[in-house]
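**Student:** Sequence first, predicted model second:
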Amino acid sequence: MTQPTARKKTTPKTLIVIGDRVLIKVDEEEKRTEVGLYLPDTVRDKEDVFSGTIVKTGPGTPLMDPLAVTEEPWDPDAVSVRYLPMQARVGDYVLFLRKAAVEIQYEGEKYLLAPQSALLILVRGEHPVDELQ
């Protein structure tokens with residue numbers, strides 16, 4: 001008689017973006033972006049600029065308060081970390097520099113992880129094409 005195998009208790013995975021980075025779902029290659037922006041051939045040939053939708057953001061750039069550090073910096077309660085908030089938000093449409101991004105695969109989907117400094121333009125709102133005119 002075989003003994004039943006113990007099943008591992010699985011916990012749901014949570015993807016946490018660190019610092020001032022954003023997780024971007026890249027658009028399929030088209031000359032015209034979904035919000036109506038046209039990318040010139042010179043940009044498309046070099047593939048320096050990509051576009052996509054932000055699906056997750058980090059908390060921002062960490063700022064450490066020097067007055068909050070105590071004599072025991074290893075104590076997790078001794079240091080308070082504040083963040084400089086990010087301009088990018090979940091759902092924003094973004095043009096960004098590909099060279100600064102890192103491609104990752106999470107649960108079968110491909111994403112690019114880029115720092116906020118690589119973002120060139122954000123488009124947000126119900127009618128993003130109207131905002132550009």
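**Tutor:** Received the coordinates, thanks. Numbers count the residues shown, from 1 in each chain.

**Student:** and Leu23, how many neighbours?
**Tutor:** For Leu23, the neighbour count with other Cβ atoms under 10 Å is 20. C-beta coordinates here come from the backbone N, C-alpha and C atoms, glycine included.

**Student:** which regions of the chain sit below the pLDDT cut-off?
**Tutor:** For the chain, the stretches with pLDDT under 70 are 1-10, 28-47, 65-80, 126-133.

**Student:** Swap in 50 and give it another go.
**Tutor:** 45, 127-133 (pLDDT under 50).

**Student:** Mind naming the longest strand for it?
**Tutor:** In the chain, taking DSSP state E as the definition, the longest strand is strand 49-57.

**Student:** Parallel or antiparallel, which strands does the helix or strand following that strand pair with?
**Tutor:** Downstream of strand 49-57, the first helix or strand assigned by DSSP states H and E is strand 61-64. Strand pairing for strand 61-64, using DSSP bridges, gives strand 81-84 (antiparallel).

**Student:** ok, and for the strand it pairs with, which residues are buried?
**Tutor:** By neighbour count with 16 or more other Cβ atoms under 10 Å, strand 81-84 contains no buried residues.

**Student:** Which neighbouring elements make contact with the very next helix or strand once past that strand?
**Tutor:** Downstream of strand 81-84, the first helix or strand assigned by DSSP H and E is strand 93-97. When contacts are defined as 3 or more Cβ pairs under 8 Å, 6 or more residues apart in numbering; DSSP states H and E, strand 93-97 packs onto strand 21-26, strand 49-57, strand 109-115, strand 119-123.
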